[in-house]
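Q: Return a 3D structure for these sequence lines:
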Amino acid sequence: MKDVARIVSINISDGGIPKRPIPFVELTVNGLVGDGHNHEKHNSPIQAVCLQDIEKLQELNEVGYTLGPGDAGENLTVENLNVNSLPLGTQLKLSGGVVLEISKVRKPCYVMDAISPQLKTDALNRHGMYAKVIREGILKVGENITIA
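A: As a prediction, this is how the structure comes out:
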């Protein structure tokens, strides 16, 4: 049986990194309620939610980083999803009713320099994806994720 994809951590901040875990959050088309953005370019419905695989954070830890959920600025740390392999337009249904659509590849930027300047290079193709919100609702840690 295939491992079930699920939300491991929901993360927000006043702006910037790291984002800190919370147990649940309201999600609107504009993103997670209470999550701030230090850079206007990130404040877009096309980039409402940033998803990152816990497995990719673990890979980066194996090459010398110390990254836990939210440390790289993602909103949803997920497992068993392999989000970077999902094509743009893929819809994700969460067990609580929220629906997301993968909308953009997340490219590492200079903000990662606060962790390490090398992280921008090492995180290429494993830095997560952005999603827009198709159906708003409440997100909770532990929710299952299915590919629609």
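Q: Which phi and psi values does residue 122 adopt?
A: Phi and psi for residue 122, reported as degrees, to the nearest 10, are phi -70, psi -20.
Q: Report how many residues lie close to it.
A: 16 (other Cβ atoms under 10 Å). (Glycine included, C-beta is placed from N, CA and C.)
Q: Tell me which residues touch it, please.
A: Counting by Cβ atoms under 8 Å, 6 or more residues apart in numbering, residue 122 touches 60, 63, 65.
Q: 7 Å instead?
A: Listed by Cβ atoms under 7 Å, 6 or more residues apart in numbering, the contact partners of residue 122 are 60, 63.
Q: The protein: helices as residue ranges?
A: 54-62, 119-122 (DSSP state H).
Q: How much space separates the residue nearest the centre of the chain from residue 132?
A: The residue lying closest to the centre of the chain (Cα atoms, centre = their mean) is residue 51, at 2.0 Å. Using Cβ to Cβ, to the nearest Å, residue 51 is found at 12 Å from residue 132.
Q: One more: residue 48?
A: Per Cβ to Cβ, residue 48 is found 5 Å from residue 132.
Q: Please apply the same query to residue 109.
A: Taken as Cβ to Cβ, the span from residue 109 to residue 132 is 20 Å.
Q: Of the two, which one has the most company?
A: It is residue 132, of residue 109 and residue 132, that has more neighbours when counted by other Cβ under 10 Å, with 18 against 13.
Q: Hmm, residue 46 and that one touching each other?
A: Yes: in this structure, residue 132 is within contact of residue 46 by Cβ atoms under 7 Å, at 5.5 Å.
Q: can you list the weak-confidence ranges in this protein?
A: By pLDDT under 70, the low-scoring segments of the chain are 1-2, 38-43.
Q: Run a quick neighbour tally on residue 11.
A: Residue 11: 26 surrounding residues under other Cβ under 10 Å.
Q: who touches it in this structure?
A: Taking Cβ under 7 Å, 6+ apart, one finds 19-21, 69-70, 74-75, 77 in contact with residue 11.
Q: returning to that earlier point: common neighbours of residue 132 and residue 46, please.
A: Common contact partners of residue 132 and residue 46 (Cβ under 7 Å, 6+ apart): residue 103.
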